[in-house]
Structures are given as structure tokens and as C-alpha cells.
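**Student:** Mind looking at a prediction? Sequence and model below.
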Amino acid sequence: SQTIHQWPATLVQPVGSPLSLECTVEGTSNPNLYWYRQAAGRGLQLLFYSVGIGQISSEVPQNLSASRPQDRQFILSSKKLLLSDSGFYLCAWSGAGTSGGAVFGTDTQYFGPGTRLTVL
Amino acid sequence: QKEVEQNSGPLSVPEGAIASLNCTYSDRGSQSFFWYRQYSGKSPELIMSIYSNGDKEDGRFTAQLNKASQYVSLLIRDSQPSDSATYLCAFRNEKLTFGTGTRLTIIP
């Protein structure tokens, strides 16, 4: 079965500090990978998605970046955190494939346990 | 117009009753629809997916889809206190779009 891991689980960082969040998936090959942010009391905001190694698409321009150095590893980074970067960061995966040319492949997305980030 | 509309709640339902959650969406090209459950402080977990008009049942959960009216609903029968959570609906056209969720409280 497939498993998705995220770490760290919680993080408190000062404004202006760097950030690195990691996500790994087990039990599947060539997954589509996603980073979401959920601010307090708000919906899920898609930040980045990746359909393969080194392939990153950004949904929201901001001071965050993402990388996919390995097939089942997805990293979210920032050089300088802002107060507004606080939130619950979720990594998700879905099965690889194509459907009418849509880059998101198969439908269902499964979420990791999340990282709660507080920027002070 | 928001892409996905959900009543934020809170929705309070007595234990054993039917909880009804509703969601409307604006993108007529949407092909797939999902309900996720999110406990406080936890990540969303998939409850059901539905692709065709009509009802789809899975245990105590029934999803209903009406593409002509652009709404999807989730019914929870015999509600239990463990069903207390925020329920997120989502639909996919080219990407997955989530609603902000309805907070459901089951009252013992």
C-alpha cells in the first residue's frame, strides 16, 4: 500500500529565516505530487504540483519554491519566511497517468499528515 | 462567484440522525467530485468520490451528484460522535479545487 510522509510535523521559525519541508511517498512509482497550504479557517490553496522529477508548476507566485530531486520526494523551500507563510502545509500524491491531456493524471489525491508552520 | 460554495456551519446533528452536507460548484466542466473529512489539527482524508449523476453509497455515507444543478451532497446516516469533523468537498476539472469546508458536530 502507499504511504506518504512529511516532516517535520511542527515548526516554529522566525521571520526572515529559511524553510525546508520534505515529503516522501512509498509504495508507488511516478506519482503526481502536490503542495498545499491551509491557513487558519481557510480552504486549501494549491501551491505547487509536479508530474515528474525536476518538473514543477507553480500555482501562486510567492516567496516559496519547490523541488523534486527524486521520483518520490518533494521539497518545499523558502529563503526568507514571512509572517503570512504561517499555516498548515500539506503534501499530497495521486496516481500517474493522463486523462484528456490533463497534467494532474488520475483523480484521487491522498494527503500526508502535514506540517504546522508558525512564523514569529 | 466562488468556485466552490459550502456552508461553513457549524452544523449540529443529534447522534443517530442523518447529517446532510451540501456543496455547489461553478465549473460546468468538472468531471470528478470528492468528499474529504478533516479532524481538527489533522490532514484531510478521502471519504468518497463520485463521477456520475445520482447516488453512491458506501456504508453509512451516501454521495449525491447533480451536474445539471451543479451540486454535490453527502449524507451521513446514523451519525456518530466520531463523525464530528470538518467536511471538504472538492471537484476536479484540470485541477482539484476545494471548498472551505462545513464543520459538523454530532451531539450525543
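**Tutor:** Sure, I can see it.

**Student:** centroid residue for chain A?
**Tutor:** A:Trp35 (2.2 Å; C-alpha atoms, centre = their mean).

**Student:** Do I have it right that that one meets A:Ile75?
**Tutor:** No. With contact defined as C-beta atoms under 8 Å, A:Trp35 does not reach A:Ile75; the gap is 9.1 Å. The C-beta positions use only the backbone N, C-alpha and C, and glycine is treated the same way.

**Student:** Could I get the pLDDT score of A:Gln70?
**Tutor:** Model confidence at A:Gln70, expressed as pLDDT, equals 95.

**Student:** ok, it - how many residues close by?
**Tutor:** A:Gln70 is flanked by 11 other residues according to other C-beta atoms under 10 Å in any protein chain shown.

**Student:** right, and it touches A:Ile53 too?
**Tutor:** Yes. With contact defined as C-beta under 8 Å, A:Gln70 reaches A:Ile53; the gap is 6.7 Å.

**Student:** can you pull the contacts of B:Ile18?
**Tutor:** Contact analysis of B:Ile18 by C-beta atoms under 8 Å, 6 or more residues apart in numbering or on different chains lists B:75-79.

**Student:** Can you name the two of those that sit furthest apart?
**Tutor:** Maximum pairwise distance among the contacts of B:Ile18 (C-beta to C-beta): 10.7 Å, between B:Leu75 and B:Asp78.

**Student:** Of these two, which one has the most company?
**Tutor:** B:Leu75 (17 against 12).

**Student:** Which of the three states applies to the more buried one?
**Tutor:** Secondary structure for B:Leu75, judged by DSSP: H, G, I helix; E, B strand; the rest coil, is strand.

**Student:** Please report the distance of it from chain A.
**Tutor:** Plainly put, B:Leu75 is 21 Å away from chain A if you go by C-beta to the nearest C-beta, to the nearest Å.

**Student:** Would you tell me what helix or strand the closest residue to that residue other than its chain neighbours is located in?
**Tutor:** Excluding the flanking residues, the one nearest B:Leu75 by C-beta to C-beta, 6 or more residues apart in numbering or on different chains is B:Thr62, at 4.4 Å. Using DSSP states H and E, B:Thr62 falls within strand B:61-66.

**Student:** who touches that strand?
**Tutor:** Among residues not part of strand B:61-66, those counted as contacts by C-beta under 8 Å, 6+ apart are B:33, B:35, B:47-56, B:71-77.

**Student:** Same check on stretch A:24-34?
**Tutor:** Contacts of stretch A:24-34 (C-beta under 8 Å, 6+ apart): A:1-5, A:23, A:46, A:48-52, A:68, A:71-74, A:91-96, A:103-106, A:109.

**Student:** Type out the ChimeraX command that picks the buried ones from the residues you listed.
**Tutor:** Of the contacts of stretch A:24-34, the buried ones go into a single ChimeraX selection, burial set by 16 or more other C-beta atoms under 10 Å in any protein chain shown:
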select /A:4,23,46,48,49,50,51,68,72,74,91,92,93,94,95,104,105,109
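
**Student:** re the thing from before, are we agreed that the residue nearest to the centre of chain A is in a strand?
**Tutor:** Yes. Judged by three-state DSSP, A:Trp35 forms part of a strand.

**Student:** Chain A: strands as residue ranges?
**Tutor:** Counting by DSSP state E, chain A has strands at residues A:3-7, A:10-13, A:19-26, A:32-38, A:44-52, A:55-58, A:64-70, A:73-78, A:87-94, A:110-111, A:115-119.

**Student:** Identify the residues contacting the nearest residue to A:Gln55 once chain neighbours are set aside.
**Tutor:** Nearest non-adjacent residue to A:Gln55, counting by C-beta to C-beta, 6+ apart: A:Arg68, 6.9 Å away. With contact set as C-beta under 8 Å, 6+ apart, A:Arg68 has these partners: A:33, A:50, A:52-56, A:74-75.
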